[in-house]
Every structure is written in C-alpha cells, then in structure tokens.
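*Asks:* I would like the atomic coordinates for the input below:
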Amino acid sequence: MKELYVTLHTKQDKSPVTIENSILRECRKYASVISIQKGQHTGVADRPGQLAALHLRDGDTLTVRVKGADEDAASIALRIFFQHRI
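*Replies:* Residues are numbered from 1 along each chain as shown. Predicted coordinates for the structure are as follows:
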C-alpha cells in the first residue's frame, strides 16, 4: 500500500462538485483501490457519494491510500494530479 499526503490547491475557484468529479475521473483510471481520508472521515475515491460526504474544499489536507496491482503507477500519477492538475 502506498500513502500520499496532499493539500488541495485548486488552480481556479472550483466548486466542491467540480473537485470531486476531477478526483473521481482520475481515480477511475486505475485498478487499485484508492481511498481518501480527510480528518476522521474516509471515502473510496471511485464512489461519488463517499467523495461528496468528505466535503472537499481548497486547502484541505488529505491522506490518499492506494492499494492494488498498479499502486506504484497510480500513486505517482495521483501525486502529479494533486500537485499540478486539480
């Protein structure tokens, strides 16, 4: 299992729904199970309801866990995604 610690910094003033949809699309590219934790709450990243329950906002600190066959590639791509593309 790979674990990433990221802070959400959006390039534009994006709504929570737009942030969630961007994360959802990115995470669905991988076979690994990707979970996102914000504070005490955790959601599986490819389930829209669980992402919505996290109430993601710009500036939030997240723990992203990647577990599965392509976890190395997925963790690298997700780090780039959270740093440069969201």
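
*Asks:* look up how far Lys14 lies from Ser75.
*Replies:* For Ser75, the distance to Lys14 equals 23 Å [Cβ to Cβ, to the nearest Å]. Any C-beta I mention is one placed from the backbone N, CA and C, and that applies to glycine too.

*Asks:* same check on Glu71?
*Replies:* Between Glu71 and Lys14 the computed distance is 27 Å (Cβ to Cβ).

*Asks:* next: Ile76.
*Replies:* Relative to Lys14, and taking Cβ to Cβ, Ile76 is found at 23 Å.

*Asks:* more crowded one of those two?
*Replies:* Lys14 (17 against 13; other Cβ atoms under 10 Å).

*Asks:* just name the shakiest helix or strand of the chain by mean pLDDT.
*Replies:* helix 16-27 (a mean of 92; mean pLDDT, DSSP states H and E).

*Asks:* could you pull out the buried residues of that one?
*Replies:* Applying a neighbour-count criterion of 16 or more other Cβ atoms under 10 Å, one finds 19-20, 22-24, 26-27 buried in helix 16-27.
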